[in-house]
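In: what's the 3D shape of this:
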Amino acid sequence: MKKAGVFLVVFGLFWSGMTLLFDGLTIVPAVRQALAQRFATAQGTVLSSEVTHHDDGDGTTHGVRITYSYSVGGREYTGDRFRYDKSSSTDSAWAHRAVAEHPVGSTTTVYYDPLSPANAVLSPGLQGSDLFMALFMTPFNVVMLGFWWVGWNRLMRRWRKPIAGGVKVRTALRQTRARMTEFSPLASGIVTVALLAFLSIFVICFGFGGFHPSLRVVSVTWGIILIGGVAMWIWSWINILKGKYDLVLDEMKSSIQLPLTCGRKTRKTFAFTEVHGCFVETIEKRDSEGSASYTYVPTLRMAASDVPLEKLAEWHDGDRAREFVAWLNAKLGPRTSVQT
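Out: Numbering: from 1, shown residues only. Predicted coordinates:
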C-alpha cells in the first residue's frame, strides 16, 4: 500500500504538471485573442496565403500560413500571424475557409498593438475553437483537482486526526447524524460538469464542425454543461437536507437508523443490542487489463446470525473508512468487537 501511495503522488504530480502546461497553452492565446479586439486597425495587403499540412505519423494536421503588409505612422510592417493560437488540427475545413477569405493581393484589416505595431493579428477575438479547447481540458482539470483534494486530505490527516474519519457529524438532542456520502454537493457538481464536458467533446467533434465549431454551438454547450452541474449540486443538497444519506444514532431510543445508501430503498432501524459490530469490507475490482482498484465498505454485522450484513457506504479512502468504523464502534458500545 505504501508503494501505491508513492505511485499516486508521482502520477498526480506528473498529471498536474502536464495539465497546467496545456492549460497555459490554451488560456494564454485565448486571453491574447480577447485583448486583440481592442487593438488599433490598419489596412493591409495579403502577400501570401496557403493551407499548411503536417504529417507526424499519426495523421495529417492542417493550419494556415498568411503573410501581409501594413503601414502604421508611415512605417511599413510585415506580419504572418493569423491568430495567437498557432496550433493545427485534423480538421482542414477551417484552414481552407481562412485562406479563401484572404486571397493573395486582397485588402484586409490588420489589428495591431498601438504600443508595439509589429504585434499584429488578422483574426482577433474568441472563436468556437477557444471555448472548445477549454471544454477539452475540463475533464483533465477535474482529475487534477481530485489529486489535489486527496493530497490535501492526507496532509490534514497527518496534522490532526479528524473525527469519524472526516465524515460530517451533527449532534442534537442526543441524536447523532453521520453523513455517509463520499462526495460533497460541490464535488458532485464538479464531477457532473467533467462528465458532461467529456461527452460533449465527441458530440461536437462528430456533429458540429470538428475542432473548430461555431462560437454559438460551443456557447450553448457550455450553458448546458453548467446548468447540469448546478442541477446536480442542488439535487445533492436537497437529498442532504432531507437526511437521505444520514446514519442516525438515537441515544434516547438506543437505536441506529440506516441511510438510503448501497441500494437501500427504505430505512431500516435496529436497536443497539441487535448490532454485533462494524467492520470495513475491502472490495477489489480489476479492469480488463488486470489492474486492481479497491473500495472500502463500512459494514454492520448483526448479533443474530440469520440477519444479513448491512453495508453503510462505499468509499475509496481506506483510512477514512477505518477511522469511521472505530468511531461508530465506540458510539455503539463495548459489544462491538468486530475486527477489520
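In: Spatially nearest residue to Leu20 (excluding sequence neighbours)?
Out: Met144 (7.7 Å; CB to CB, 6 or more residues apart in numbering). Every C-beta, even on glycine, is put in place using the N, C-alpha and C of the backbone.
In: That neighbour and Phe82, how far apart?
Out: 31 Å (CB to CB, to the nearest Å).
In: related to what we said a few turns ago, can you verify the residue nearest to Leu20 is assigned to a helix?
Out: Yes. According to DSSP: H, G, I helix; E, B strand; the rest coil, Met144 belongs to a helix.
In: That one contacts Leu13, doesn't it?
Out: No. Between Met144 and Leu13 there is no contact under CB atoms under 8 Å: 10.3 Å.
In: Between the two, point out the one with more neighbours.
Out: The neighbour count for Met144 versus Leu13, taken as other CB atoms under 10 Å, is higher for Met144 (19 against 12).
In: What residues does the more buried one make contact with?
Out: For Met144, the contacting residues are Gly12, Trp15, Ser16, Thr19, Leu20, by CB atoms under 8 Å, 6 or more residues apart in numbering.
In: which residues touch Cys278?
Out: Counting by CB under 8 Å, 6+ apart, Cys278 makes contact with Pro298, Thr299, Leu300, Arg301, Leu312, Val325, Leu328, Asn329, Leu332, Thr336, Val338.
In: Which of those residues fall in strands?
Out: Pro298, Thr299, Leu300, Arg301 (DSSP state E).
In: burial measure for the second one, as a count.
Out: Here the number of neighbours of Thr299 (other CB under 10 Å) works out to 21.
In: and the gap between it and Glu323?
Out: Applying CB to CB to Thr299 and Glu323 gives a distance of 15 Å.
In: repeat for the first one
Out: Per CB to CB, Pro298 is found 10 Å from Glu323.
In: which element follows the longest strand seen in the chain toward the C-terminus?
Out: Longest among the strand segments of the chain by residue count, using DSSP E, is strand 40-55. The helix or strand immediately downstream of strand 40-55 is strand 60-72, counting by DSSP states H and E.
In: pLDDT of that next one, averaged?
Out: Average pLDDT, strand 60-72: 92.
In: Please enumerate the strands of this structure.
Out: Under DSSP E, the chain gives strands at 40-55, 60-72, 75-79, 107-113, 116-121, 169-172, 175-179, 246-250, 255-257, 269-271, 275-286, 292-302, 310-311.
In: burial of Asp317, as a residue count?
Out: Neighbour tally, Asp317, other CB under 10 Å: 18.
In: Hmm, Gly165 and Arg320 touching each other?
Out: Yes. Applying CB under 8 Å, one finds Arg320 in contact with Gly165, separated by 3.9 Å.
In: Give the full set of residues in contact with Phe208.
Out: By CB under 8 Å, 6+ apart, Phe208 lies in contact with Ser214, Val217.
In: what about it, distance to Leu20?
Out: Using CB to CB, Phe208 is found at 28 Å from Leu20.
In: re earlier: in JSON lines: the strands of the chain, plus distance to Ile224.
Out: JSON lines is the format used below for those (distance: least, CB to CB, whole Å):
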{"stretch": "strand 40-55", "distance to Ile224": "33"}
{"stretch": "strand 60-72", "distance to Ile224": "29"}
{"stretch": "strand 75-79", "distance to Ile224": "38"}
{"stretch": "strand 107-113", "distance to Ile224": "32"}
{"stretch": "strand 116-121", "distance to Ile224": "31"}
{"stretch": "strand 169-172", "distance to Ile224": "35"}
{"stretch": "strand 175-179", "distance to Ile224": "30"}
{"stretch": "strand 246-250", "distance to Ile224": "32"}
{"stretch": "strand 255-257", "distance to Ile224": "38"}
{"stretch": "strand 269-271", "distance to Ile224": "41"}
{"stretch": "strand 275-286", "distance to Ile224": "32"}
{"stretch": "strand 292-302", "distance to Ile224": "31"}
{"stretch": "strand 310-311", "distance to Ile224": "35"}
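In: Just give me the longest helix of this protein.
Out: Longest helix in the chain, counting residues (DSSP state H): helix 2-36.
In: Neighbours of Phe147, how many?
Out: Neighbour count for Phe147, taken as other CB under 10 Å: 18.
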